[in-house]
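[1] Following is a predicted model, sequence given first.
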Amino acid sequence: MNGSAAELGALSVYPTADGSFSLHSDHFGEAFHNSAGALNEARAKFVQPAELQRFGKGSALKILDVCLGLGYNTAAVLEALPAAGPAVQWWGLELDRRPLEQALDQASFQSLWSAPVLARLEAIRDHGGWQEPNNQGIQLWGDARAMLREIPEPDRFDLVLLDAFSPQRCPELWSEEFLGALAHRLAPQGRLLTYSRSAAVRASLKRAGLSLFSLLPAPGERVGWSSGTLATPADSGCPQDGPVWRPLSAMEWEHLQTRAAVPFRDPYGNATAEVILERRRVEQEQCGYEATNAWQRRWRKDSPS
Ligand SMILES: C[S@@+](CC[C@H](N)C(=O)[O-])C[C@H]1O[C@@H](n2cnc3c(N)ncnc32)[C@H](O)[C@@H]1O
């Protein structure tokens, strides 16, 4: 996939409950944000669990946005940093330039952000990033699997914002190998944040050596058994219970023993979604793990969703 508009299909406007502008992708068959709202989601799943107060004046903050899309996650994080905050080094990975262009055409989207944050989004669109004293952003347009390799190895990320379409729609960005590469690039106290609570994703992150935590529901979101995942190196010092996360429950750990936990495999980093899904279907048939619906039945009586 080369990211051309013809290949990526139409994008249509998708209204959300908090009034924030969002899109739906024909090609991926999925909305960019949940119906509770793009801005709500960015704050609850990415800004709050990042605990940006950890990065004060004089410190450095390295951020990787995997799937920039309309730019909500990056903009919400930059907006939440204190004025005299850390020196920021930001990278964005994204295949399609249109979501950010379309968002920036909306006055309602522009009005969400302060002038400096809006200027950075515009600089990403117009110049592929921004350069300010103590604050740099580099946007890498293309397949995130290939573009991640363009970021110099010594750079380790304090925050990875992983916001790809769901694993069934975009398995290439949830593979054992891609998640392993992201985990490998985390700083010692780094945090990988995602809305996904998928057993396959969590099991891959765990095998990559990360500790897992479950995100609490965001405001306006249906209360389910988890709203996402915070993954961090095992000795990162991240507290077990945080303002917006908790340890995985027994139910969630058992989920990782079911067929749902069979990973998405993409050993060469270039397989199509169809190939990855078919490979996983075959592996699931042969794995001998508990059927996921048996796990669901066992926990239904205790589960709120
Ligand atoms: C759920 S949306 C991201 C929403 C975004 N974080 C935001 O705040 O608006 C997923 C994005 O992944 C991008 N994408 C899909 N496949 C990709 C790939 N292989 N590499 C990079 N980006 C990809 C899509 O173009 C889309 O913008």
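    Good, I have the coordinates. Quick caveat, the model's predicted, so the values are computed rather than measured. Numbering: from 1, shown residues only.

[2] going forward, measure contacts between C-alpha atoms and count neighbours the same way
    Noted.

[3] Now do the SS call for residue 190.
    Counting by DSSP: H, G, I helix; E, B strand; the rest coil, the backbone at residue 190 sits in strand.

[4] ok, it to the ligand distance?
    Distance from residue 190 to the ligand, counting by C-alpha to the nearest ligand atom, to the nearest Å: 19 Å.

[5] Return the residues in contact with that residue.
    By C-alpha atoms under 8 Å, 6 or more residues apart in numbering, residue 190 lies in contact with 157-160, 232-233, 236.

[6] same deal with residue 208?
    Counting by C-alpha under 8 Å, 6+ apart, residue 208 touches 179-180, 183-184.

[7] re earlier: quick check, nearest of the contacts of residue 190 to residue 151?
    Nearest to residue 151 out of those is residue 157 (C-alpha to C-alpha; 10.6 Å).

[8] Beta-bridge partners for the closest one, please?
    Bridge pairing for residue 157 (DSSP bridges) gives the partners residue 186.

[9] and residue 94, what are its phi and psi?
    Backbone torsions for residue 94, taken as degrees, to the nearest 10, come to phi -170, psi 140.

[10] ok, so of the contacts of residue 190, who is nearest residue 115?
    Nearest to residue 115 out of those is residue 159 (C-alpha to C-alpha; 23.4 Å).

[11] Need phi/psi at that closest one.
    In terms of degrees, to the nearest 10, the main-chain angles of residue 159 are phi -140, psi 130.

[12] All further residue positions should be reported with the first residue as 6.
    That works, and once the first residue is 6, the last one we named lands at residue 164.

[13] Hmm, it is touching residue 71, no?
    No. Between residue 164 and residue 71 there is no contact, the gap being 10.4 Å when judged by C-alpha atoms under 8 Å.

[14] okay if I get the contacts of residue 195 as JSON lines plus pLDDT and distance to the ligand?
    Formatted as JSON lines, the contacts of residue 195 follow (pLDDT from 0 to 100; distance: C-alpha to the nearest ligand atom, whole Å):
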{"residue": "162", "pLDDT": "98", "distance to the ligand": "17"}
{"residue": "163", "pLDDT": "98", "distance to the ligand": "17"}
{"residue": "164", "pLDDT": "98", "distance to the ligand": "14"}
{"residue": "165", "pLDDT": "98", "distance to the ligand": "11"}
{"residue": "237", "pLDDT": "98", "distance to the ligand": "20"}
{"residue": "238", "pLDDT": "98", "distance to the ligand": "23"}
{"residue": "241", "pLDDT": "97", "distance to the ligand": "25"}
